[in-house]
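A.B. asks: Here is a sequence with its predicted model. Questions after.
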Amino acid sequence: MADSATVSVLLLLLYLSASIDGAQLILVNNCRESIWPGILGTAGQVTPRDGGFHMGSGEEAIIDVPEKWSGRIWGRQGCVFNQNGKGSCQTGDCSGLLHCHGTGGEPPATVVEMTLGSSSSPLHYYDVSLVDGFNLPVSMKPVGGGVGCGVASCEVDLNICCPSALEVKRDGKVVGCKSACLAMRSAKYCCTGEYANPKTCKPTLFANLFKAICPKAYSYAFDDSSSLNKCRASRYVITFCPPK
């Protein structure tokens, strides 16, 4: 008769083999306070965990996503919800709901974006984006995956050095830093209209500032070359407030 250790190993192997067709996202809250992750699957994709949930400081959560899943994850801060899951968040709010249910986060918010395989490629593409502004540090790191698998991150609290024109304050405290697009609302800063291509849309002074502080994150819409990571791992760790 097999002992308990052998049974545990067999169960682990069965679990790993069962999840090989998809990917596992391990969310870690390394912040000193609670956060409320928001999750949004792209069109036609499932949205795990009803799109949002609470994580206390130091907590971890595991999310299994199917093969070829794509979507975004962001952290919400300063949230208060009633027993019906209705309320508000200081940053990253999704229509005042605990469970975002297909609603994106209100900028500014640091966003983790990913496409975990497609019909044309088995590779996983992922990045940390500041295009929608910044609210808290975050990173996405593959577990294994081999040579060439990079880390997407913005590990510094940009709220500390946010230009006054981009600050978002709550109760006198800076809780978010707007993108130039959100603050200026012009085609030039948003890379839209005649600026909707990499030849005419160049990084702004603010984008260059973000890039200097967080070189592993998207600073503006056409920042692909240094910010988009590709890998083929079965697990990724997404850490809010990652250690520097």
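C.D. replies: Structure received.
A.B. asks: can you give me the strands in the chain?
C.D. replies: Assigned by DSSP state E, the strands in the chain fall at 23-29, 36-41, 60-65, 70-76, 80-81, 87-88, 111-116, 124-129, 138-142, 152-154, 167-170, 173-177, 229-231, 235-240.
A.B. asks: How far away from the center of its chain is the second one?
C.D. replies: Its chain's C-alpha centre lies 8 Å from the corresponding centre of strand 36-41 when counted by Cα atoms, centre = their mean, to the nearest Å.
A.B. asks: what helices or strands is that strand leaning on?
C.D. replies: Packed against strand 36-41 by the contact rule (3 or more Cβ pairs under 8 Å, 6 or more residues apart in numbering; DSSP states H and E) you find strand 70-76. C-beta here means a position set from N, CA and C on the backbone, and glycine is covered the same way.
A.B. asks: Against which helices or strands is the strand it packs on packed?
C.D. replies: For strand 70-76, the packing partners by 3+ Cβ pairs under 8 Å, 6+ apart are strand 36-41, strand 111-116.
A.B. asks: least trustworthy helix or strand in this structure by mean pLDDT?
C.D. replies: helix 4-18 (a mean of 46; mean pLDDT, DSSP states H and E).
A.B. asks: Next up, the contacts around Val143.
C.D. replies: 26, 233-237 (Cβ atoms under 8 Å, 6 or more residues apart in numbering).
A.B. asks: ok, 10 Å please
C.D. replies: Taking Cβ atoms under 10 Å, 6 or more residues apart in numbering, we find Val143 in contact with 24, 26, 149, 233-237.
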